[in-house]
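> fold the following and give me the result.
(one chain, ligands or ions: 1)
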Amino acid sequence: MSLERDLVSPDAEGDEQAIESALRPKRLAEFIGQGRVREQLSLVLESAVRRERSPDHVLMSGAPGLGKTTLAMIVAAELGAPLRLTSGPALERAGDLAAILSTLSEGEVLFVDEIHRMARPAEEMLYLAMEDFRVDIVVGKGPGATAIPLEIAPFTLVGATTRAGLLPAPLRDRFGFVAHMDFYEVAELEQVLRRSARLLSLDLPPESGTEIARRSRGTPRIANRLLRRVRDFAEVRAGGVITVEVASAALDLYEVDGEGLDRLDRAVLGALMRKFGGGPVGLSTLAVAVGEEPETVEVVAEPFLVRQGLLARTPRGRVATAAAWAHLGLTPPPAAFGAHPVLFEDPSAGT
Ligand SMILES: Nc1ncnc2c1ncn2[C@@H]1O[C@H](COP(=O)(O)OP(=O)(O)OP(=O)(O)O)[C@@H](O)[C@H]1O
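Numbering: from 1, shown residues only. Model prediction:
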């Protein structure tokens, strides 16, 4: 990925990661937005605390940077339980998972990020562990192999995934609570930014907060990152004062447009319109056209574009909507919406 892309990509690095951790809300009451998920989760946790039992396993699904890891940490904090962190790609063999499960203490919270990327044998071991708090350790090979059952301490699994659809049903069904995390509203991101500015000792006037929030792709991690870039710009070029003009100029410099679309978003839409007449076109062809992995286009760019009504996923492929043509200031060919008349709504209608 390009450097520019990294600026608004929800993947953090180095020092930025340390700041990101410092900005994480630590308790449920501090967690902003996701009202329904927060309320449901608080009931699950409170009832477990009252019954003095581990709560049901929790699955969180949603785009990167919406707060899944933060919520997992909050689950452990609210339960007063220790937390163990791992990720699907780290669980290549069943033995990798067995090593973790067999050393969990009673009530511990195990967080598995990107749980859809776990290897199959580990996944099968996890089914049994989730249901019966037991794993079968296979000793030997071939016809002489024996499975030795091993009891493990009752624990709570918190799984996170950007692609819930890829989870096999037997795994999905073993979660007692599934939290669907949605993109945040601008007002919620304003709150996130206010809180972060306070923690970073920055003076952020409300209208500058609104400008950054509007351009943060509905994602707290991006809001926090853009806040830091605006701060840099203000310190170097504007005597440290974050006026709305300074915020706007900084975001323009980092190629985040008025609707929060970044370079990858615009590249996807641009390719779809300029190279494929607005679609329909398949995901992998589109990904090749923008020089990215299909998964990056599907997980990072598309959910936001769909949510903004700029792109539609149809059975025949990806299609740019009329709003997308208008956003990039391009004119659709006359036949662009022939196959998908429902996508053609004049964006100026009703104004
Ligand atoms: N509801 C929230 N309120 C305040 N800050 C938040 C909230 N959600 C997320 N953040 C901020 O956004 C950052 C990213 O959140 P987090 O790492 O939990 O996202 P994620 O969904 O786990 O992302 P990924 O899937 O990429 O790991 C955190 O450092 C935190 O500061």
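
> flag every residue of the stretch 151-300 of the chain that's near the ligand.
Where the stretch 151-300 of the chain comes near the ligand, counting by CB under 6 Å from any ligand atom, the residues are 160, 162, 192, 220-221, 224. C-betas here are computed from N, CA, C, even on glycine.

> top of these by number of neighbours, please.
P220 (31 neighbours; other CB atoms under 10 Å).

> quick one: buried residues of stretch 87-107?
Going by neighbour count (16 or more other CB atoms under 10 Å), the buried part of stretch 87-107 is 88, 90-91, 94, 96-98, 100-101, 104, 107.

> first to last residue in it, what's the distance?
Counting by CA to CA, to the nearest Å, you get 19 Å between the two ends of stretch 87-107.

> show residues contacting that stretch.
Identification of contacts with stretch 87-107 by CB atoms under 8 Å, 6 or more residues apart in numbering yields 54, 79, 81-82, 84, 86, 110, 112-119, 121-122, 124-126, 129, 135, 137-138, 150, 152-156.

> hmm, it touching the ligand?
No: under the criterion of CB under 6 Å from any ligand atom, the ligand is not reached by stretch 87-107; the shortest gap measures 8.9 Å.

> so for that stretch, mean pLDDT?
Stretch 87-107 comes out with an average pLDDT of 93.

> any stretches of the stretch 251-351 of the chain with poor pLDDT?
335-351 (pLDDT under 70).

> one more pass at 90, please.
Regions of the stretch 251-351 of the chain meeting the criterion pLDDT under 90 cover residues 254-255, 257-260, 279, 330-351.

> all helices of it, in order?
Listed in chain order, the helices of the stretch 251-351 of the chain (DSSP state H, counting those that start in this stretch) span 263-274, 283-290, 294-296, 302-307, 322-327.

> redo the ones you listed as TSV? Include mean neighbour count and distance to S47.
What follows is those, written out as TSV (neighbours: other CB atoms under 10 Å; distance: least, CB to CB, whole Å):
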stretch	mean neighbour count	distance to S47
helix 263-274	22	41
helix 283-290	17	41
helix 294-296	15	37
helix 302-307	20	32
helix 322-327	21	44
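
> tell me the contacts of R274?
Contacts were defined as CB under 8 Å, 6+ apart; by that measure R274 touches L330.

> again with L251
Taking CB under 8 Å, 6+ apart as the criterion, L251 is in contact with 211-212, 215, 226, 229-230.

> could you list the domains of the protein?
34-180, 186-253, 263-349 (automatic domain parsing).

> quick one: terminal-to-terminal distance for stretch 178-191?
Separation of the first and last residues of stretch 178-191 by CA to CA is 25 Å.

> so how far is that stretch off the chain centroid?
Taking CA atoms, centre = their mean, to the nearest Å, one finds the center of stretch 178-191 at 11 Å from the center of the full chain.

> how about stretch 141-151?
Centroid displacement of stretch 141-151 relative to its chain, using CA atoms, centre = their mean, is 39 Å.

> flag every buried residue along that stretch.
Those would be none for stretch 141-151, no buried residues there (16+ other CB under 10 Å).

> and D113, how many residues sit next to it?
A total of 20 residues lie near D113 under the criterion other CB under 10 Å.

> so it sits right up against R84, yeah?
No: in this structure, D113 is not within contact of R84 by CB atoms under 8 Å, at 11.7 Å.

> distance of S47 from the ligand?
For S47, the distance to the ligand equals 22 Å [CB to the nearest ligand atom, to the nearest Å].

> packing partners for the helix or strand encompassing E211?
Counting by DSSP states H and E, the element that carries E211 is helix 206-214. With contacts defined as 3 or more CB pairs under 8 Å, 6 or more residues apart in numbering; DSSP states H and E, the packing partners of helix 206-214 are helix 186-199, helix 220-237, helix 244-253.

> from the stretch 1-150 of the chain, which residue is nearest to the ligand?
Closest approach between the stretch 1-150 of the chain and the ligand, counting by CB to the nearest ligand atom: G67, at 2.7 Å.
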